[in-house]
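J.: sequence first, then the predicted structure, then my questions.
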Amino acid sequence: MPHPLLRLAPLFRGRLGLLSAAVLGLIGATALNLTGPWLIAQAVDVDLAAGDREGLMWKAGIFALILLGNLGLTYLSRVAIEICAQRAMKRLKHELFDHLVEHDLALHDQQTSGRLITRVQGDTDALRVLFTEVILNLPADILLFVGMFAVMFHAAPEIAPICAAVLPFYLVLFALFRKIAPRHFLALRAVKSSLTGLLTELVRAMPTVRGFRREAWARERSEELNQEVYRKEWVAHVQPVWYFNSVVLVRSLGMVALLVIGAWKLDAGVLTVGALIMGLGYLRQMFHPLIRLSHHLSTLERARAAAIRLSELLDTPRSITNPVEPVAWPGVRQGLRLDDVGFHYVEGTPVLRGLSLEVPAGGHVGIVGATGAGKSTVLNLLLRFRDPTSGAVRIDGIDLRELAVEDLRTRIGLVLQDVHLFAGTVLDNLGGDAQKARRALATLGLDMPLEHLLRDGGSNLSRGERQLLTFARAIVDDPEVLVLDEATSAVDPETEALVQDALSKLMDGRTVITVAHRLQTVRDCDAIAVLRAGVVEEHGTHDELLARGGLYAALHQLQAA
């Protein structure tokens, strides 16, 4: 299995030319950097020693051009790198979002929305920093080290060993930092992810938190995680501090040693002043990539952890997939049928136990039962939000798993108890086709401009208007099957009467399945299935079930009372 970071390489496909130019630009800037101390050494040893004012001015001009060239190449290269990284992360975010949208509901059962947001936003940003600050700068840093020692051993072999003697101390410090720091940064990343997830959930549920006076509880939970983040932050970020100070100490001691030994060699006449200045300049330059290395290490560890999490997310297999050769949509001519269907959300805890139910084409079947009886699960199976663990759900004798998921869901209209409307216009919420949207609104008797702007969740509409919009959304594509899950439970009697009147027009020629707690909602159905503990306990019309005096009759009596 490839390393998680290597798996992200295809994100840069099509941009290798720009990336290569950027890396070459950074290498060119580093090469110019290397010439600076050497040029100063030449100016001191040659021009100043000979009193050559013109030569000194020429070298000053060349030095200025080197500085400008270094600045220009570095700027252009970093801009190019940032452009490539931003576009790659945009592609990755699209891939992640498409994966989350297309994935079956089992993934969203296992992951909170806060954690998923952290993956899409925070983890991708960690990878962007990795690409811009570490990977693409690494060739330039390597060239800097190699170039410095190559120049010193050639131009000033007397002091090159002194500068080289500093490296083992740097390497020991880096090895210690590499061993200690990563686990602290990984622990910090994990607890930050938990805090982000908690805050996201609390902000979304703020009306509930306030309604039940649980502000103190919310503050206590967030404060616990905040304190944990503080402790992890303190431990994690103190590591770069001691590393930085240790590297500064080694550099300072190296410069002291170079000055002392250099002064002795100057006095002995085996070293020039310019060579000593060059050695000090290179020793100073050596400090910068080593310090960057400490930042690179923490960045690398954060990015590695992010890449692992993103790879795990992208590798999470989907259980709801299209068949290799989907069967063409058959139309609903015979009806829908659940054949001995079993299902569980958690292994060993069955929700449906060999449930069988038939919904004839053009019929209207109601499904009722106590909470937890399996009513909504049946609807999840009909729309292939889930697949049965045993048995099969069929349309005209064809197993739903043989059909393309898009074909199935295009032809089934769904209205849920929970209303989900998006910030945007009414037309946005009805699919974008103005003609279809107007027809759906007219069918329901809704006089609402398509350009009307909705706030998040449709908060500027009444509950009844929001529910009616979800009905309009369900019928906008003229589906053959309507599935209503407690669709009128939250509307007032007047609105419910309006909806029922509209539905009576919509049901002509369509197959309708209604799940309800209120028996009044399903009393006019052609047949009613009463579920208990995942099986059909009773089946019949409203009058037949009342006359039977069983579970349905008991529920009816309870609600009437």
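T.: Good, I have the coordinates.

J.: break the protein into its domains for me.
T.: According to automatic domain parsing, the chain is divided into the following domains: 6-315, 335-560.

J.: could you tell me the phi and psi values at P207?
T.: Comment: the main-chain dihedrals of P207 come out as phi -60, psi -40, following degrees, to the nearest 10.

J.: can you get me a residue count around it?
T.: In terms of burial, P207 registers 8 neighbours under the definition other Cβ atoms under 10 Å. Every C-beta, even on glycine, is put in place using the N, C-alpha and C of the backbone.

J.: now the element after the helix ranked longest in the chain, going C-ward?
T.: Assignment by DSSP state H gives helix 215-268 as the longest helix of the chain. Downstream of helix 215-268, the next assigned helix or strand under DSSP states H and E is helix 273-315.

J.: which other helices and strands does that next one contact?
T.: The helices and strands touching helix 273-315, judged by 3 or more Cβ pairs under 8 Å, 6 or more residues apart in numbering; DSSP states H and E, are helix 16-42, helix 53-102, helix 124-130, helix 138-155, helix 160-204, helix 215-268.

J.: ok, now with 6 Å
T.: Using 3 or more Cβ pairs under 6 Å, 6 or more residues apart in numbering; DSSP states H and E as the contact criterion, the secondary-structure elements in contact with helix 273-315 are helix 16-42, helix 124-130, helix 138-155, helix 160-204, helix 215-268.

J.: adding distance to D339 and mean neighbour count, write those helices out as JSON lines.
T.: What follows is those, written out as JSON lines (distance: least, Cβ to Cβ, whole Å; neighbours: other Cβ atoms under 10 Å):
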{"stretch": "helix 16-42", "distance to D339": "54", "mean neighbour count": "18"}
{"stretch": "helix 124-130", "distance to D339": "44", "mean neighbour count": "20"}
{"stretch": "helix 138-155", "distance to D339": "60", "mean neighbour count": "17"}
{"stretch": "helix 160-204", "distance to D339": "39", "mean neighbour count": "17"}
{"stretch": "helix 215-268", "distance to D339": "46", "mean neighbour count": "15"}
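
J.: what would the ones you listed look like in CSV with mean pLDDT?
T.: Formatted as CSV, the entries for those read as follows, by pLDDT from 0 to 100:
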stretch, mean pLDDT
helix 16-42, 83
helix 124-130, 75
helix 138-155, 80
helix 160-204, 79
helix 215-268, 84
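
J.: switch the ones you listed over to TSV; also include distance to L519.
T.: TSV is the format used below for the helices and strands packed on helix 273-315 (distance: least, Cβ to Cβ, whole Å):
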stretch	distance to L519
helix 16-42	66
helix 124-130	50
helix 138-155	70
helix 160-204	33
helix 215-268	37
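
J.: between those helices, which gets nearest to Q559?
T.: Put simply, out of the helices and strands packed on helix 273-315 the one that sits nearest Q559 is helix 160-204, at 32.6 Å, with distance taken as Cβ to Cβ.

J.: quick one: that closest one to helix 138-155, angle?
T.: Between the direction of helix 160-204 and that of helix 138-155, the angle (axes from the mean of the first three to the mean of the last three Cα atoms, to 10 degrees) works out to 170 degrees.

J.: let me know the angle separating helix 160-204 from helix 273-315.
T.: Here helix 160-204 points in a direction 30 degrees away from that of helix 273-315 (the same axes, to 10 degrees).

J.: by how many degrees do helix 160-204 and helix 215-268 diverge?
T.: Using the same axes, to 10 degrees, helix 160-204 lies at 170 degrees relative to helix 215-268.

J.: which elements pack onto helix 160-204?
T.: Taking 3+ Cβ pairs under 6 Å, 6+ apart as contact, the helices and strands that helix 160-204 lies on are helix 113-118, helix 215-268, helix 273-315.

J.: and the second one, what does it pack onto?
T.: Using 3+ Cβ pairs under 6 Å, 6+ apart as the contact test, the elements touching helix 215-268 are helix 160-204, helix 273-315.

J.: what's near enough to touch G69?
T.: When contacts are counted by Cβ atoms under 6 Å, 6 or more residues apart in numbering, G69 touches L32.

J.: look up how far P37 lies from it.
T.: Plainly put, G69 is 16 Å away from P37 if you go by Cβ to Cβ, to the nearest Å.

J.: mind checking pLDDT for the residue most central in space within the chain?
T.: When the chain is reduced to its mean C-alpha position, the nearest residue by Cα atoms, centre = their mean turns out to be V120, at 1.8 Å. The model reports V120 with a pLDDT of 74.

J.: for the spatially closest residue to it that is not a sequence neighbour, give its distance to L167.
T.: Closest residue to V120 apart from its sequence neighbours, by Cβ to Cβ, 6 or more residues apart in numbering: L96 at 5.1 Å. With the distance defined as Cβ to Cβ, L96 ends up 42 Å from L167.

J.: residues near R463, how many?
T.: Taking other Cβ under 10 Å as the neighbour definition, R463 ends up with a count of 13.

J.: what sits up against the helix or strand containing D340?
T.: Secondary structure here is read from DSSP H and E; on that basis D340 sits in strand 335-346. Under the contact criterion Cβ under 6 Å, 6+ apart, strand 335-346 has outside partners 350-352, 354-361, 377, 388-395.

J.: if we can go back for a sec, redo the helices and strands packed on helix 215-268 as CSV? Include distance to L259.
T.: Converted to CSV, the helices and strands packed on helix 215-268 look like this (distance: least, Cβ to Cβ, whole Å):
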stretch, distance to L259
helix 160-204, 10
helix 273-315, 8
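
J.: which of those sits closest to R78?
T.: Among those, the nearest to R78 by Cβ to Cβ is helix 273-315 (13.4 Å).

J.: so how far is the closest one off the chain centroid?
T.: Here the centre of mass of C-alpha atoms in helix 273-315, compared against the chain's by Cα atoms, centre = their mean, to the nearest Å, lies 27 Å away.
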